[in-house]
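In: take a look and give me a structure for this.
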Amino acid sequence: MSKNDDLRVLIDAIPPRTLAAKLRPLMPAIELRLQSGAHLREIVDALNQSAALGEEMRFATLKSYLQRHRARQRAGGRQRVVATSDAARALPPTPPATAAPIAATPAELQRMRNEPIDLEHYAEIGRSLAKKRES
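Out: Residues are numbered from 1 along each chain as shown. Okay, here's the model as predicted:
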């Protein structure tokens, strides 16, 4: 092992001290559970039953950390580099945030709502894309 690898092992062995730092690697797993139908209260209860955090987690605290995490995701994923646990490494990577929607005036929105939809046009686009995939 090189000196850099030795230093990396030493740095990785330093445990996170703050509650936010302990939760950061768990956020992708928490998001997945919420998307699959779990309630935030259930996640708080599960975290509190485990002594891994070292302190009591309040509902409002987790909600706040979750809102901050989502804001960072929307901002383009500019996050600090965090050490990940084995469980977090097994999760699929978080998809990058998409571009912000374009703001439209109420008049533009009304015009878009009233425009007729040419389904045949979209069907033709789909057929041409399918042909491209086949070839």
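
In: residue ranges with poor pLDDT in this protein?
Out: 1, 77-102 (pLDDT under 70).

In: and the helices in this structure, which stretches?
Out: 3-12, 19-23, 27-35, 40-49, 59-74, 86-90, 106-114, 119-134 (DSSP state H).

In: just put the ones you listed in JSON lines and tack on mean neighbour count.
Out: Yep, even glycine has a C-beta here, placed from its N, CA and C like the rest. Formatted as JSON lines, those follow (neighbours: other Cβ atoms under 10 Å):
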{"stretch": "helix 3-12", "mean neighbour count": "9"}
{"stretch": "helix 19-23", "mean neighbour count": "16"}
{"stretch": "helix 27-35", "mean neighbour count": "16"}
{"stretch": "helix 40-49", "mean neighbour count": "14"}
{"stretch": "helix 59-74", "mean neighbour count": "14"}
{"stretch": "helix 86-90", "mean neighbour count": "10"}
{"stretch": "helix 106-114", "mean neighbour count": "9"}
{"stretch": "helix 119-134", "mean neighbour count": "9"}
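
In: in contact with the closest residue to R41 other than its chain neighbours, which residues?
Out: Nearest non-adjacent residue to R41, counting by Cβ to Cβ, 6 or more residues apart in numbering: F59, 6.3 Å away. By Cβ atoms under 8 Å, 6 or more residues apart in numbering, the contact list for F59 reads L40, R41, V44.

In: my read is that L23 contacts Y65, right?
Out: Yes. Between L23 and Y65 a contact is recorded at 5.5 Å, counting by Cβ atoms under 8 Å.

In: overlap in contacts of these two?
Out: Both L23 and Y65 lack any common contact, where contact means Cβ under 8 Å, 6+ apart.
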